[in-house]
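Student: Predicted model, plus sequence, below.
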Amino acid sequence: MIFYKYRTDSKNTENILTAGKVYLSTASGLNDPFECSLQEIGNEWIEEKVKELEQAGLLGFIMAAKKTIDNKESFFGLPFMETKQMLTKIKSFGNTDEACAYREKVMTKLTGHPPANSRKMFSEIDSQLLSVGIFSLSTNPIHPLMWAHYAGEHSGICLGFKKTEDSKFSNSEHFLPVIYSDKLPEMSDNGFNVSMAFSMDEKGSLYASSYKIAFSDKTFQKAITTKHTCWVYEEEWRYVEPYSGLFDWPGPITEIIFGLKCSEERQNHYIKITEENISYPVHLYKIRKKRGTNELEIVALETPISNPKISPTIIKEVNFNTQKLTEKEFSNKMERLIREEKYGDVLYQIDENLKTNPDSTLLLDLKGTAHGYAQEHKKALECFTKLTIKCPDIAVTWYQKACALTALKRHKEAVIALKQAYKLDPNDPSTAFNLGVELINAEADIKEALDYLERADYLGHRRAYSILSDIKKEYNNT
């Protein structure tokens with residue numbers, strides 16, 4: 001049960017051995033342009049599921065309100081008599097859409113946060129897929145093409161990670177075989193499993209800060225593990241996490257195989273850092289040509305096992321002071337916490353650092369990002385507005401401001417911000433796409449909107465073609 005990672009001879013490869021970490025890349029860092037893709041999801045299906053989820057949310061809202069009335073308690077601070085009046089008003093609406101809109105208005109007023117947005121969840125499936133962290137491995141350590149493509153044309157090494165009971169390899173949600181197919185994966189007829197995360201605001205109240213497709217959802221996992229049949233020779237498995245970055249080894253490294261062209265000097269170098277950083281023996285092999293054939297074979301080195309120079313140590317978890325980190329280290333740590341949906345931790349750390357460095361654009365950007373993910377869009381807008389004043393010539397600051405305005409349904413203002421972002425960077429597909437969509441939301445010139453959507457499609461935005469097709473179909477019908 002060994003899974004192999006082909007690597008070039010490089011500093012990053014050395015870091016795997018010295019740091020005990022591997023880097024999980026997003027789909028954009030992989031070699032197949034169709035990575036992490038789903039077949040287009042039909043708008044009719046989305047509308048049906050959105051309606052189901054909204055009805056379920058409305059029913060839960062009504063049941064919770066009724067319970068507080070029965071107990072003569074307040075409902076999110078609303079006296080129970082006023083809660084009665086609110087329920088009477090909900091019953092007076094002629095359809096579910098009006099009742100759901102009223103519920104959103106009430107919840108936002110009472111809590112400062114809107115309820116979970118199911119429509120947004122479906123619109124962000126692509127973004128969620130493209131955020132997944134992937135570490136690719138193979139079951140085959142002697143494939144000539146793999147050595148040529150991924151191990152520096154046979155000059156690199158191959159690391160063997162062992163599946164153990166307590167390793168990530170034993171977790172079926174995080175370690176998956178690649179499915180080889182000529183078709184993109186289809187969505188299950190049953191739809192998706194969803195997950196919801198809660199955060200606590202400054203008043204100590206809980207609210208839904210994240211509502212998305214569950215990482216364990218079968219359709220979602222098919223999307224992150226399906227590749228074209230032309231890659232079948234790789235015999236690939238994937239260690240996956242909901243986000244990219246550095247993670248502990250998915251299993252202990254128990255083998256190192258040196259390539260056919262890996263010099264003895266480099267072999268000795270890797271053996272030395274292995275012995276200095278890994279506290280148990282590692283089996284050492286090399287690749288050679290099999291006599292009389294055009295095949296490769298694995299043979300043990302003259303010294304077949306490493307001789308550890310260190311003893312196992314117990315590492316205690318400590319709270320380390322983020323103010324002592326470099327800006328890059330601090331940023332990486334905060335981005336990791338954001339991906340883990342620990343928004344309160346992020347905002348606390350940032351606010352503490354802002355006391356000593358109030359003019360930091362990095363801290364302001366991270367704070368706006370954390371507020372945005374926590375669904376606190378007014379606060380996010382404040383941060384990004386300040387950034388556009390401090391950094392008016394950076395496209396991404398205008399794009400972030402536009403995202404906050406979009407979330408607040410201030411579409412005309414979002415168009416202005418996106419046009420500034422597009423002026424600064426006309427080659428960003430997301431800016432062109434959002435600009436086209438926001439022009440439609442703002443009921444502006446449809447031809448201008450189509451021009452931006454076509455630009456987004458040309459630049460490779462994954463959703464632009466679908467929306468263009470829907471708009472053109474609608475206009476042809478009318």
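Tutor: Structure's in. What do you need?

Student: so what does the lengthiest strand in the chain touch, helix or strand wise?
Tutor: Looking across the chain with DSSP state E, the single longest strand is strand 296-305. Secondary-structure packing of strand 296-305 (3 or more Cβ pairs under 8 Å, 6 or more residues apart in numbering; DSSP states H and E): strand 283-289. (Glycine included, C-beta is placed from N, CA and C.)

Student: who's in contact with F258?
Tutor: I157, R266, Q267, Y270, L284, Y285, K286, I287, L301 (Cβ atoms under 8 Å, 6 or more residues apart in numbering).

Student: Recalculate using a threshold of 10 Å.
Tutor: By Cβ atoms under 10 Å, 6 or more residues apart in numbering, the residues touching F258 are 9, 151, 154-158, 264, 266-267, 270-271, 284-287, 298, 301.

Student: Run the chain-centre distance for stretch 79-97.
Tutor: 38 Å (Cα atoms, centre = their mean, to the nearest Å).

Student: so how far is the helix or strand encompassing K51 from its chain's centroid?
Tutor: For K51, the host element (DSSP states H and E) is helix 43-70. With Cα atoms, centre = their mean as the basis, helix 43-70 stands 27 Å off its chain's centre.

Student: Of all the residues in that helix, which ones are buried?
Tutor: I46, K49, V50, L53, E54, G57, L58, F61, I62, A65, T68 (16 or more other Cβ atoms under 10 Å).

Student: how about those residues in TSV, adding distance to E165?
Tutor: Shown next, in TSV, are these (distance: Cβ to Cβ, whole Å):
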residue	distance to E165
I46	41
K49	38
V50	42
L53	38
E54	43
G57	40
L58	45
F61	44
I62	47
A65	48
T68	47
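
Student: okay, which residue is most central for this structure?
Tutor: The centroid of the chain falls nearest to S131 when counting by Cα atoms, centre = their mean (2.4 Å).

Student: And for the nearest residue to it once chain neighbours are set aside, the neighbour number?
Tutor: Closest residue in space to S131, ignoring its immediate chain neighbours: Y243 at 5.6 Å, by Cβ to Cβ, 6 or more residues apart in numbering. Per other Cβ atoms under 10 Å, the neighbour tally for Y243 reads 18.

Student: State the distance from Y243 to L176.
Tutor: Here the distance between Y243 and L176 works out to 16 Å (Cβ to Cβ, to the nearest Å).

Student: Where does the prediction get shaky in the stretch 151-300 of the chain?
Tutor: Low-confidence segments of the stretch 151-300 of the chain (pLDDT under 70): 187-211.

Student: all strands of it, in order?
Tutor: Assigned by DSSP state E, counting those that start in this stretch, the strands in the stretch 151-300 of the chain fall at 157-162, 175-177, 179-180, 194-200, 206-213, 226-227, 236-241, 245-248, 253-258, 283-289, 296-305.

Student: tell me the most buried of those strands?
Tutor: strand 157-162 (a mean of 23; mean count of other Cβ atoms under 10 Å).
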